[in-house]
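Student: 3D, please:
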Amino acid sequence: MSSRRHTDLGRPAIADRERLLQAVAGFRASRIILSAFELGIFSALGDRRLEAGRVARLTGIDPRAGERLLNALCALGLVRKAGGRYANSGISRRYLVAGRPGYLAGLSHSASQWQSWSTLSAAVRRGTAVRQRPAASGGEARRRGFIAAMHDRASRQAPVIVARLDLKNVKRGLDIGAGSGAYAMALARAGKNMRVTAFDLPEVLPITREYVRREGFTRRIDFRPGDFRRGGFGRGYDLVMLSAVVHMNDGPQNRRLIARAAAALALGGQLVVQDFIMDAGRTRPALGALFALNMLVATAGGDSYTAAEIASWMRGAGLKDIRRIPTPFPASLLVGRKPGAACGG
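Tutor: From the prediction side, this is the model:
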């Protein structure tokens, strides 16, 4: 009797132990997928069934090592093997083959993040990133990979988020740190008479133009080069958007940024901050807590900030009527208004 009770009581502990070990070993599957993506294995296969040697020749990898990687992909269900030949599974054909509509080009950014996250222990000891490589640096390929990753999420979320804003009488908008221009285009789409300025680094804006041209918004969107950490943004905007920007900065940098963004507003204009906005305990939303570590390993002082912190920067910039707007996503909105006559009034 006592032996049976001991066994029953031990089962949850064993299950917890196995779940923990599976979570720890999760890096293996991640690295297998990212390496196969970086090496172009999924794109080489495409819709074909190829022998390992043929895949090796197409991708320039070692034949023996490539075969082992292909077999591991089979174990993960991303590649099928039959008669000594390999073929992409359905999910790989849809999302991992270059040129397909669902292609996850942003995985190249995930591969870059892998390098930063490997320094987490050292970053926690030091209190800041030990491998500082800004997203907009590191060459054209890395820059495009980063923007593609951001666009993949932003293009789906931006229309939903913009729909929650009060765009009545908004004629001029500014998207600071525009990236692919997903939010600039969402604003232009929602406000039929709105003209939007996309602001980003000079080396980023040519990529922004490509996305905007692809969506047919070149006549509605202007482009202003600059660095949001210094200088001004112009004047007279009815709405200024800071989407996924404040997490890249430390507190003093954000205080100055929000002050300069507020100065760009017309009277009655709105400043919109979209980001992971944390609760007072900094544990929710959960993705924001994890993202704070991403900022630790990748930036000098970036973080996920609380609603109270962001609101204090807004009040310091003279903004009033600060309110939080929930979204269906882990990120939410904090909106402040510049006192004065209603914009466009």
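Student: and the strands in the chain?
Tutor: 50-51, 79-82, 85-88, 172-176, 195-200, 221-225, 237-243, 265-275, 277-278, 305-306, 320-325, 332-337 (DSSP state E).
Student: looking at those strands, which is closest to residue 153?
Tutor: Closest approach to residue 153 among the strands of the chain (CB to CB): strand 237-243, 10.8 Å. C-beta coordinates here come from the backbone N, C-alpha and C atoms, glycine included.
Student: and the residue lying closest to residue 131 once chain neighbours are set aside, what is it in contact with?
Tutor: Nearest residue to residue 131, sequence neighbours excluded (CB to CB, 6 or more residues apart in numbering): residue 119, at 5.1 Å. Neighbour list for residue 119: 129-131, 297 [criterion: CB atoms under 8 Å, 6 or more residues apart in numbering].
Student: top of those by neighbour count?
Tutor: Most neighbours among those, by other CB atoms under 10 Å: residue 297, with 23 neighbours.
Student: and that residue, how far is that from residue 150?
Tutor: The gap separating residue 297 from residue 150 is 18 Å, by CB to CB, to the nearest Å.
Student: do the same with residue 284
Tutor: Per CB to CB, residue 284 is found 23 Å from residue 150.
Student: these two: which has the busier surroundings?
Tutor: Between residue 284 and residue 150, counted using other CB under 10 Å, residue 150 has the larger neighbour count: 19 against 13.
Student: do I have it right that the more buried one meets residue 244?
Tutor: Yes. Taking CB atoms under 8 Å as the definition, residue 150 is a contact partner of residue 244 at 7.1 Å.
Student: quick one on the thing from earlier: and the strands of the chain: which comes nearest residue 24?
Tutor: Comparing these by CB to CB, strand 79-82 comes nearest, at 24.7 Å.
Student: partners of the closest one in the sheet?
Tutor: Sheet pairing of strand 79-82 (DSSP bridges) gives strand 85-88 (antiparallel).
Student: run the chain-centre distance for the strand it pairs with.
Tutor: 31 Å (CA atoms, centre = their mean, to the nearest Å).
Student: got the residue ranges for the helices in the protein?
Tutor: Shown for the chain, the helices assigned by DSSP state H span residues 2-24, 26-39, 41-45, 52-59, 63-75, 90-95, 107-117, 120-126, 140-162, 182-190, 205-215, 251-263, 286-298, 307-316.
Student: OK, contacts around residue 204?
Tutor: Taking CB under 8 Å, 6+ apart as the test, what residue 204 contacts is 136, 143, 147, 178-179.
Student: which of the residues you listed sits closest to residue 272?
Tutor: residue 178 (13.6 Å).
Student: who's the spatially closest residue to the closest one that is not a sequence neighbour bridged to?
Tutor: Leaving aside its sequence neighbours, residue 178 sits nearest to residue 198 (CB to CB, 6+ apart; 3.7 Å). Legend: beta-bridge partners of residue 198 under DSSP bridges are residue 175, residue 223.
Student: pretty sure residue 198 sits against residue 223.
Tutor: Yes. Using CB under 8 Å, residue 198 makes contact with residue 223 at a distance of 5.3 Å.
Student: any idea how far the residue most central in space within the chain is from residue 197?
Tutor: By CA atoms, centre = their mean, the chain has its centre lying nearest to residue 150, at 4.2 Å. Distance of residue 150 to residue 197, computed by CB to CB: 19 Å.
Student: ok, the residue nearest to residue 265 when sequence neighbours are not counted - contacts?
Tutor: Spatial nearest neighbour of residue 265, excluding adjacent residues (CB to CB, 6+ apart): residue 338 at 4.4 Å. Contacts for residue 338 (CB under 8 Å, 6+ apart) come out as 262, 265-271, 318-320.
Student: 6 Å - rerun?
Tutor: Neighbouring residues of residue 338 by CB atoms under 6 Å, 6 or more residues apart in numbering: 265, 267, 269.
Student: repeat for residue 98
Tutor: So residue 98 contacts residue 43 (CB under 6 Å, 6+ apart).
Student: give me that answer again for 8 Å
Tutor: 40, 43, 105.
Student: ditto for residue 144
Tutor: By CB under 8 Å, 6+ apart, the residues touching residue 144 are residue 207.
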